[in-house]
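Undergrad: coords below, sequence missing:
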């Protein structure tokens with residue numbers, strides 16, 4: 001049966017001749033039937049002349065209506081319409097011919113009617129049978145090669161998607177049915193596929209043993225519903241996949257080119273974060289805003305969200321040329337009305353950044369530029385100091401010098417009781433920001449710059465984060481590498497984090513460190529296991545998970561606050577604030593300047609030793625610098 005699919009298409013001439021053979025046979029049958037009803041004997045010569053005329057007329061209109069140009073195995077309703085009009089025209093003219101020769105006769109009228117009806121049904125039936133034969137063969141082939149899939153929903157969009165999956169050979173799925181929100185299973189079917197109740201899917205796993213995938217529309221489900229479905233898919237060992245957005249459907253060709261694996265970001269089980277759009281819009285309206293690290297994960301999302309407000313100009317600053325260019329193109333396409341300046345610049349270069357402040361005089365600064373990868377910075381502490389400390393100092397000093405209204409620093413939970421060079425460098429940057437608060441007091445009549453720090457944990461999907469790495473490892477067949485079976489982290493999606501950064505930017509009066517509610521901590525090992533389950537696979541069997549040991553500077557868990565920092569609520573239930581610790585500007589500034597100087601000629605040990613002096617809580621873990629903690 002499957003070999004039928006490899007048969008070549010019939011040529012146009014073959015289809016044309018086949019149709020004429022059918023027409024000739026039908027004309028003979030209809031004439032014989034009518035003559036038999038009235039016991040009339042046919043005159044052979046006259047009959048042959050009428051048959052030739054019938055074939056000529058049908059051939060003419062088959063040609064004019066192009067009834068033979070379609071591929072039989074893909075015959076459609078349009079092909080039936082062409083056949084209808086071709087046969088109608090041919091038979092009308094044939095009837096006029098009879099009227100001209102013999103006058104009106106019920107016999108000839110009935111003959112023409114039978115000829116037309118029988119001809120239309122036979123030609124359409126022929127095409128439909130060919131199509132059904134090939135569809136059946138294709139279904140057998142797909143069912144042998146593809147995974148049975150259920151679609152959650154019975155609306156028009158779900159049905160359209162099912163049709164596209166059915167008609168797309170290269171997707172590894174075949175539709176096995178729909179899941180309805182109705183409480184009871186119905187005997188009705190859609191596209192000949194059964195409809196199951198959602199209650200049955202959640203409570204009767206034995207009924208779905210042959211199902212290998214569940215396709216959902218994430219935007220149609222609440223976080224709690226997504227979380228429940230994830231649990232059930234893991235329990236049933238079913239792959240959970242996400243329907244593409246409507247914008248990505250290739251409706252012209254009636255094909256769908258991509259079905260996505262479900263995003264872990266969609267499965268945190270948290271309610272959407274609400275922010276005060278009106279207040280943010282009012283605060284940002286007509287402002288020139290500088291975003292450093294604009295091409296990074298956090299920076300680029302801040303840019304996307306700022307484009308939705310009535311800002312005067314966005315200054316996108318980053319050292320990474322290609323990602324910055326791509327972001328600029330994206331923003332120009334999606335928000336052409338927003339004035340954007342893409343600036344290839346290094347925050348470590350004070351002179352270059354000064355020129356930017358002189359030219360554009362930004363009123364608000366979002367400082368997201370930083371080095372963030374713990375193992376890399378552990379090996380190269382001088383780079384961590386130059387990017388995270390010197391870069392922050394340069395931008396903060398310029399914000400003060402050019403009277404920016406506010407400066408928002410993006411920090412990290414790794415700055416709390418740091419165990420790595422990267423975390424310690426971010427803590428030094430935090431300390432300098434807090435020093436500037438007191439240093440501005442009473443020095444000018446101009447409103448001082450509001451310095452705010454936002455501190456949060458890991459961001460799902462950011463460049464180099466654990467989730468994209470796990471995805472690549474699973475798709476490569478494994479193994480997944482996790483540093484330690486007990487390591488835990490707080491996670492937040494990129495849009496969530498940036499929403500809260502914008503909200504915090506209008507809440508602060510200056511000097512606060514804003515800490516975000518990161519939800520429940522997540523065990524990385526369990527996250528890896530869940531991701532394997534979401535691919536319809538079994539951890540440690542289909543995809544192995546191996547533990548490689550903690551990396552230099554890495555902790556088992558992160559904290560968001562120091563013991564001395566008091567966490568206070570704000571008007572936003574997802575944002576807490578801790579009052580800054582008073583630092584002596586002269587002392588801290590002097591130590592930081594010294595730290596920056598020794599990056600040019602000092603050894604790694606000298607650099608880290610001074611960092612530990614500036615940040616006494618900095619205790620190295622799994623690192624070559626652990627011995628420094630034993631020094632007096």
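TA: Done, it's in. If you're wondering where the values come from, they're calculated on a predicted model, not measured in any experiment.

Undergrad: what's the neighbour count on residue 179?
TA: Look at residue 179: counted by other Cβ atoms under 10 Å, it has 25 neighbours. No exception for glycine: its C-beta is placed from N, CA and C like everyone else's.

Undergrad: gap between it and residue 534?
TA: To residue 534, residue 179 is 18 Å away according to Cβ to Cβ, to the nearest Å.

Undergrad: do the same with residue 356
TA: 44 Å.

Undergrad: Over to residue 383?
TA: For residue 383 relative to residue 534 (Cβ to Cβ), the value is 37 Å.

Undergrad: same question, residue 76
TA: According to Cβ to Cβ, residue 76 and residue 534 sit 38 Å apart.

Undergrad: Give me the pLDDT value at residue 305.
TA: Residue 305 carries a pLDDT value of 88.

Undergrad: Cross-check the contact I'm expecting between it and residue 500.
TA: No: using Cβ atoms under 8 Å, residue 305 is not in contact with residue 500, being 10.9 Å away.

Undergrad: out of the two, which sits in the more crowded spot?
TA: Applying other Cβ under 10 Å to residue 305 and residue 500 shows that residue 500 carries more neighbours, namely 23 against 16.

Undergrad: out of residue 76 and residue 534, which sits in the busier spot?
TA: residue 534 (21 against 11).

Undergrad: So residue 347, which state does it fall into?
TA: coil (DSSP: H, G, I helix; E, B strand; the rest coil).

Undergrad: For it, give its distance to residue 447.
TA: Relative to residue 447, residue 347 is positioned 24 Å away (criterion: Cβ to Cβ).

Undergrad: Who has more neighbours out of the two?
TA: Counted by other Cβ under 10 Å, residue 347 and residue 447 do not tie: residue 347 has more neighbours, with 25 against 10.

Undergrad: If I look at that one, what pLDDT would I see?
TA: The predicted local confidence for residue 347 is 95.

Undergrad: That one and residue 288: what is the separation?
TA: According to Cβ to Cβ, residue 347 and residue 288 sit 18 Å apart.

Undergrad: same question, residue 475
TA: From residue 475 to residue 288 the distance is 43 Å (Cβ to Cβ).

Undergrad: the more surrounded of the two?
TA: Neighbour count, other Cβ under 10 Å: between residue 475 and residue 288, residue 288 has more, with 17 against 11.

Undergrad: Now do the phi/psi pair for the more buried one.
TA: When read as degrees, to the nearest 10, the backbone of residue 288 gives phi -90, psi 130.

Undergrad: and it, what is it in contact with?
TA: 311-313, 315, 360-364 (Cβ atoms under 8 Å, 6 or more residues apart in numbering).

Undergrad: Pick out the most distant pair among those residues.
TA: Among the contacts of residue 288, the pair separated by the greatest distance (Cβ to Cβ) is 311 and 361, at 14.2 Å.

Undergrad: Compare the two (neighbour count), which wins?
TA: Using other Cβ under 10 Å as the criterion, residue 311 and residue 361 rank with residue 311 on top: 20 against 12.

Undergrad: I'd assumed residue 356 was in contact with residue 345.
TA: Yes: using Cβ under 8 Å, residue 345 is in contact with residue 356, at 6.3 Å.

Undergrad: how's the chain carved up into domains?
TA: 2-141, 146-262, 277-459+491-518+558-626 (automatic domain parsing).

Undergrad: Make a markdown table out of these and add distance to residue 547.
TA: A markdown table is the format used below for the domains of the chain (distance: least, Cβ to Cβ, whole Å):
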| stretch | distance to residue 547 |
| --- | --- |
| domain 2-141 | 42 |
| domain 146-262 | 21 |
| domain 277-459+491-518+558-626 | 14 |
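
Undergrad: which of the ones you listed has the lowest average pLDDT?
TA: Of all the domains of the chain, mean pLDDT reaches its minimum on domain 146-262 (a mean of 74).

Undergrad: Point out the most buried one among the domains of the chain.
TA: domain 277-459+491-518+558-626 (a mean of 19; mean count of other Cβ atoms under 10 Å).

Undergrad: first vs last residue of that domain, how far apart are they?
TA: Domain 277-459+491-518+558-626 has its terminal residues 47 Å apart, counting by Cα to Cα, to the nearest Å.

Undergrad: ok, of the contacts of residue 288, which one's closest to residue 469?
TA: So of these, ranked by how close each gets to residue 469 (Cβ to Cβ), first place is residue 315, at 31.9 Å.

Undergrad: Assign the closest one to helix, strand or coil.
TA: The three-state assignment at residue 315 reads strand, by three-state DSSP.

Undergrad: Now it: closest residue in space that isn't a chain neighbour?
TA: Distance criterion Cβ to Cβ, 6 or more residues apart in numbering; nearest residue to residue 315, sequence neighbours excluded, is residue 290 at 4.3 Å.

Undergrad: pretty sure the one you found contacts residue 313?
TA: No: counting by Cβ under 8 Å, residue 290 does not reach residue 313; the two are 9.4 Å apart.

Undergrad: Identify the contacts common to the two.
TA: Common neighbours of residue 290 and residue 313 (Cβ under 8 Å, 6+ apart) are residue 360.

Undergrad: ok, which stretches of the stretch 101-250 of the chain are strands?
TA: For the stretch 101-250 of the chain, the strands defined by DSSP state E, counting those that start in this stretch occupy 147-152, 173-180, 189-190, 193-197, 213-216, 239-242.

Undergrad: Could you dump those into JSON lines and include distance to residue 507?
TA: Listed next are the strands of the stretch 101-250 of the chain as JSON lines, based on distance: least, Cβ to Cβ, whole Å:
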{"stretch": "strand 147-152", "distance to residue 507": "39"}
{"stretch": "strand 173-180", "distance to residue 507": "43"}
{"stretch": "strand 189-190", "distance to residue 507": "50"}
{"stretch": "strand 193-197", "distance to residue 507": "46"}
{"stretch": "strand 213-216", "distance to residue 507": "36"}
{"stretch": "strand 239-242", "distance to residue 507": "34"}
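
Undergrad: and of those, who's closest to residue 110?
TA: That would be strand 189-190 among the strands of the stretch 101-250 of the chain, by Cβ to Cβ, at 40.4 Å.

Undergrad: Show me what that closest one is in contact with.
TA: The contact list for strand 189-190 (Cβ under 8 Å, 6+ apart) reads 154, 159, 162, 178, 195.

Undergrad: mind checking how far it is from the chain centre?
TA: Put simply, strand 189-190 sits 29 Å off its chain's centre (Cα atoms, centre = their mean, to the nearest Å).

Undergrad: Within its sheet, name the partner strands of it and how each one runs.
TA: strand 193-197 (antiparallel) (DSSP bridges).

Undergrad: Please enumerate the strands of the stretch 501-632 of the chain.
TA: Remark: strands assigned in the stretch 501-632 of the chain by DSSP E, counting those that start in this stretch are 513-516, 522-523, 545-547, 567-569, 575-578.

Undergrad: closest to residue 339 out of the ones you listed?
TA: strand 513-516 (28.7 Å).

Undergrad: I'm done for today, thanks for sticking with me.
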